[in-house]
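>>> got a predicted structure here, sequence first:
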Amino acid sequence: MNIKRTLAWGCLVALSAAAAAALAQTVPDKTAAERREVPVFSYDPAGRRDPFKDLLGGKDIKEKRVVTGLADLEIDEVTLLGIVQSKDKFEAIAGLPEGFPLTVREGDRLADGYVLSIRADAVVFRKTKDKGIPLSRPRDIVKEIQPEERTHD
């Protein structure tokens, strides 16, 4: 039985070689005249924008960050608009980058820190992160109300 398989395999190989030789004889070789040159393509914009040109000129796209609340805002972006006293506590009014006012209380979290304290003339922020990296030593940042902005009753 093993011999039959070997003989069958040998015949198949011989038949394949013979078929390849016969095929090579039937397919004629192309001459240089029959070969065509590959056409060269070009783009004519005809006054239109070239779709293959880089629109940004190599500049990276910066996504516009959307600030929806105090938690999205960094301490450096906070604009202190005023400080009000409610009962025995102070609250600050801060402006978002778009100009919308926002009430800030002690303990409120920001993107890179939190509100440590609010006094009658200043807000103290504690910065715990810088560009998303935790700081080994947090820094206190004081934002004061300017004297001309203060109002006394």
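Received the coordinates, thanks.
>>> in the protein, which strand is the longest?
Counting by DSSP state E, the longest strand found in the chain is strand 133-144.
>>> in this protein, which spans are strands?
Going by DSSP E, the chain shows strands at 79-86, 89-95, 101-104, 109-110, 113-118, 122-130, 133-144.
>>> of those, which is nearest P51?
Nearest to P51, of all the strands of the chain, is strand 133-144, at 41.0 Å by C-beta to C-beta. C-beta: built from backbone N, CA, C; applies to glycine.
>>> neighbouring strands of the closest one in the sheet, and parallel or not?
strand 122-130 (antiparallel) (DSSP bridges).
>>> next, the buried residues of the partner strand.
Across strand 122-130, burial judged by 16 or more other C-beta atoms under 10 Å covers 123, 125-128.
>>> if we can go back for a sec, so which of the strands of the chain is nearest V38?
strand 133-144 (54.8 Å).
>>> now that closest one against strand 113-118, angle please.
30 degrees (axes from the mean of the first three to the mean of the last three C-alpha atoms, to 10 degrees).
>>> can you give me the mean pLDDT across strand 133-144?
For strand 133-144, mean pLDDT rounds to 87.
>>> before we move on, what about stretch 104-120?
90.
>>> who touches that stretch?
70-75, 78, 83, 85, 89-94, 123-130, 132, 138, 140-141 (C-beta atoms under 8 Å, 6 or more residues apart in numbering).
>>> buried subset of those?
Judged by 16+ other C-beta under 10 Å, buried ones among these: 70, 73-75, 78, 83, 90-92, 94, 123, 125-128, 141.
>>> and the furthest pair within those?
I83 and T128 (22.8 Å).
>>> now V78: closest residue in space, sequence neighbours ignored.
In space, and not counting its chain neighbours, V78 is closest to A94: 5.0 Å by C-beta to C-beta, 6 or more residues apart in numbering.
>>> what is the one you found paired to in the beta sheet?
Going by DSSP bridges, A94 forms beta bridges with L80, L102.
>>> touching, it and E77? I think so.
No. Using C-beta atoms under 8 Å, A94 makes no contact with E77, being 9.4 Å away.
>>> nearest to R48, out of the buried residues of strand 122-130: which one, please.
K127 (51.0 Å).
>>> with that, I have no additional questions.
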